[in-house]
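> Provided below for reference: sequence and predicted model.
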Amino acid sequence: MEQATDYTMWGLFAHATLVVKGIMVMLVLASVWCWGVIIDKLIQYRRARREAAVFDRAFWSGEPLDDLFDQIGPDPKGQSQRIFAAGMIEWRRSHRDDGGLIPGATSRIDRAMDVAIAREAESLQKGLGVLATVGSTAPFIGLFGTVWGIMVSFIGIAQEQNTNLAVVAPGRGRAGPGGERARRPRARGRA
């Protein structure tokens, strides 16, 4: 009598070929990595949104920008603060002794802030390439595992020259004690 195959996740993994086990492990590791990136980005984006809202209120409060810059200090914490600080540092450098701005000061301030914006955008986008790569390749890796399983089934059909379920479903056919003898039907009338 054949033993029933364990169709739990662990049972299927235990009866899988080495190639299929490798594919399963690779997909699980990729999934864990992606979830780590997703959770990290969720935390990072929430923090950035909260810091931007706080800075936005302070920026539009009517307080002089020099005072706001002095409050932020030399090491700003939030992304909006760092962009603002880059502009303010360049603005302060662009003043002449008589209080006026040097020629081209606005373009220098714009460039300084553009560089700061690019840095902050890069820090927000770090890790998203992993999601894009895994998201586009994981279905093909899973498909490879499926094709591998079908090939194993066809090999079983060719070896047994039989298309019953015990041959087509490799885990099921090889689960019984006695291997091949367990799959052969017993003749009627014999005990």
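That came through, no problem.
> and the helix or strand hosting Leu42, what does it pack against?
Assigned by DSSP states H and E, Leu42 falls within helix 18-59. Judged by 3 or more CB pairs under 8 Å, 6 or more residues apart in numbering; DSSP states H and E, the packing partners of helix 18-59 are helix 65-72, helix 79-93, helix 105-125, helix 128-160. In this view, the C-beta of every residue, glycine as well, is placed from N, C-alpha and C.
> mind putting those helices into CSV with mean neighbour count, distance to Ala14 and mean pLDDT?
Shown next, in CSV, are the helices and strands packed on helix 18-59 (neighbours: other CB atoms under 10 Å; distance: least, CB to CB, whole Å; pLDDT from 0 to 100):
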stretch, mean neighbour count, distance to Ala14, mean pLDDT
helix 65-72, 14, 58, 91
helix 79-93, 19, 48, 92
helix 105-125, 14, 41, 94
helix 128-160, 13, 15, 87
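> for Tyr7, which of the ones you listed is the nearest?
helix 128-160 (14.1 Å; CB to CB).
> per-residue confidence for the residue nearest in space to the middle of the chain?
Closest to where the C-alpha atoms of the chain average out (CA atoms, centre = their mean) is Cys34, at 2.4 Å. pLDDT, Cys34: 94.
> measure the closest residue in space to it that isn't next to it in sequence to Leu27 for me?
Using CB to CB, 6 or more residues apart in numbering and skipping residues adjacent in sequence, the residue nearest Cys34 is Val134, 5.3 Å away. The gap separating Val134 from Leu27 is 9 Å, by CB to CB, to the nearest Å.
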